[in-house]
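Undergrad: quick check, what structure comes out for this input:
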Amino acid sequence: MTPTTLISGATARQREAIIAEAIAQLPVHSQVAVILEGMPDSAGALAGIRPDTHLSITRIAPGCPCCIGNLTMRVTLNRVLRHPPGHLFISLASTTHLQQARQFLTSAPYDTHLRLDTDISCPAIDFA
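TA: So this is what the prediction gives:
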């Protein structure tokens, strides 16, 4: 079973920074896959990942993965799980359908491949 962490909310840069920090805590030479929803804000924080991490990054088009992006998410997950990573991070732009995304990931066929960890919700940014 692949440990899987959902990261949602805030900006793409903040979500990527949280993922980069989590990857830094994993054992050396860990196989890591990251699925990012949407386009980056600018230079992504994942570019600076330590070189001994075997990292696969996939970006999918913005749009709720449990609604309009369901097919895209299924295809992406199926590709990632052909060679299961040691850890999978999935970055979602919004927390709106987080529960539906969890339900999708814990349903067949993914229930036998993924073990969902505690979600990480980024705090909202106050531009005031």
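Undergrad: name the SS class of the spatially most central residue of the chain, please.
TA: For the chain, the residue nearest the mean C-alpha position is I90 (1.2 Å; CA atoms, centre = their mean). Secondary structure state of I90, per DSSP: H, G, I helix; E, B strand; the rest coil, is strand.
Undergrad: for the one 4 residues further on, same thing?
TA: Following three-state DSSP, we place S94 in the coil state.
Undergrad: quick one, phi/psi of R79?
TA: Backbone torsions of R79, given as degrees, to the nearest 10, read phi -70, psi -40.
Undergrad: wait, what's in contact with it?
TA: By CB atoms under 8 Å, 6 or more residues apart in numbering, the contact set of R79 is T58. In this view, the C-beta of every residue, glycine as well, is placed from N, C-alpha and C.
Undergrad: run a quick neighbour tally on the residue nearest to T106 when sequence neighbours are not counted.
TA: Distances taken as CB to CB, 6 or more residues apart in numbering place L116 nearest to T106, at 6.3 Å, with adjacent residues excluded. L116: 19 surrounding residues under other CB atoms under 10 Å.
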